[in-house]
Each structure stands twice: as structure tokens, then as C-alpha cells.
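Undergrad: quick check, what structure comes out for this input:
(2 chains)
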Amino acid sequence: KQEVTQIPAALSVPEGENLVLNCSFTDSAIYNLQWFRQDPGKGLTSLLLIQSSQREQTSGRLNASLDKSSGRSTLYIAASQPGDSATYLCAVVDTNAGKSTFGDGTTLTVKP
Amino acid sequence: DGGITQSPKYLFRKEGQNVTLSCEQNLNHDAMYWYRQDPGQGLRLIYYSQIVNDFQKGDIAEGYSVSREKKESFPLTVTSAQKNPTAFYLCATGSGTGQQYFGPGTRLTVT
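TA: Numbers count the residues shown, from 1 in each chain, chains lettered A, B, ... in the order given. A predicted model of the protein is given here:
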């Protein structure tokens, strides 16, 4: 059974700092990996999708990498801003099952 | 206006009553999903459907039921058999690339 872990559970940084969020998974037979952002009481907003054949994806100040051999993905946020404060979740889609497994998320607070 | 609609946003029910949560999409996606989220936790898969008239149990299907009679709609019924139904419920669709798109969620409170 696929297990997805996100460490740390919470992170607080000053504005302007670069930071890395981690996502690890136990089964490398994944179809893709997706990073989401969730604001309190809201649904999930997709940030980046990495297909299993890809190594990384970039969107603006965000960069996500995928290393299937080590079972890890990282989300890099450059020059953090208070508006980046939210919970960030990663999800892996299992190739065989066709369904996703989510991590518990990392709650990020960026202080002005 | 494209997207996923979930209604209502807030729902209150008495213990012992069944309740149905609505999920409608106009993205023309074949796959649809229902997740449950509890405070401070990630999402857990309840049911999913890859095609009309077919659906599979997720990790926590007990006490829930679904139907998929139309491509656009995937309603979730929370039955009285669900022991802890109070939670935030999220509906999602899946594109051909495997990317998931989420609705705004329904917060269900059962007292």
C-alpha cells in the first residue's frame, strides 16, 4: 500500500526566504505526482504536476522535482511572500490502482 | 464558466439521518473522486469512478454510497452507518494526464 509522508508538518519563515517542502512515498510505481495548495476552509488548488517520466516542473517562483528511485519529491519556493501562507499537499497517483494517495500536508506561515 | 460545483457549502444534519452531497462538473472528465478531510489531516479516498455506471471503493468506503449515472454528476450519500460523519468533503475530477481538479468542498456537521 502506498504511503506518502510530508515533513515538516509545519514551517514558519520570514518573508523573502527560499524554502523547500518535502514529500516522500514508498512505492515508486507512480503515474504522476501533484503538488497542491489549500487555504483554510477551501478546496485544493493545483500548483504543479510532474509526470513519472519527468524530473521537474517550474511555475513562477515554484519548482518541483521528482526522484522516483529515492521515493522523494521536493517543492522549492523562492523569495517567499506572506501570500504563500497555506497548507501544501502532495499526492501520488498509483499506476496500477489508478487512484491517488495524499500526504498530510505542510502548513507554511510566511511572516512579514 | 468551467469547473466543479459542490453544494451546499455547509450542511447540518441530525444523527441517524442520511444526507446526499452534490458534485457536478463541466470539465468533461471521465474520472471523479470523493475525499474526506479531517482537521490537520490529509485527504482520504472514499469512492472513485473512472467511467459512467462504474465506481470503486476507496480506503474508507464504509458508511458511504455513490452513483454515477451521468458523466457530469457523482453524488455522495453519507448514511447513518457512518460512525463519524462530521468532516470536510471534497470532490475532484481527473483529466487524461492524471491531473486532479478539486471543487470548493462541503462541510458536513452531524449532531
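
Undergrad: phi and psi next, for the residue nearest to the spatial centre of chain B.
TA: Using CA atoms, centre = their mean, the residue of chain B that lies closest to the mean C-alpha position is residue B:34, 3.2 Å off. The phi/psi pair for residue B:34 (degrees, to the nearest 10) reads phi -120, psi 130.

Undergrad: quick one: low-confidence parts of chain A?
TA: When the per-residue scores of chain A are filtered using pLDDT under 70, the ranges that remain are A:95-96.

Undergrad: 80 - rerun?
TA: By pLDDT under 80, the low-scoring segments of chain A are A:94-98.

Undergrad: which parts of chain A sit against chain B?
TA: A:4, A:6, A:31-32, A:34, A:36, A:41-46, A:49, A:51, A:89, A:91, A:93, A:98-105 (CB under 8 Å from any CB of the partner chain). (C-beta placed from N, C-alpha, C; glycine too.)

Undergrad: residue ranges of the strands in chain A, please?
TA: Assignment of strands within chain A using DSSP state E yields the ranges A:4-7, A:10-14, A:19-25, A:30-38, A:44-51, A:56-59, A:62-67, A:72-77, A:86-94, A:100-102, A:106-111.

Undergrad: for these, could you give me JSON lines that also reports mean neighbour count?
TA: As requested, the strands of chain A are exported to JSON lines (neighbours: other CB atoms under 10 Å in any protein chain shown):
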{"stretch": "strand A:4-7", "mean neighbour count": "18"}
{"stretch": "strand A:10-14", "mean neighbour count": "13"}
{"stretch": "strand A:19-25", "mean neighbour count": "19"}
{"stretch": "strand A:30-38", "mean neighbour count": "22"}
{"stretch": "strand A:44-51", "mean neighbour count": "19"}
{"stretch": "strand A:56-59", "mean neighbour count": "14"}
{"stretch": "strand A:62-67", "mean neighbour count": "19"}
{"stretch": "strand A:72-77", "mean neighbour count": "20"}
{"stretch": "strand A:86-94", "mean neighbour count": "24"}
{"stretch": "strand A:100-102", "mean neighbour count": "24"}
{"stretch": "strand A:106-111", "mean neighbour count": "17"}
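
Undergrad: noted, bye for now.
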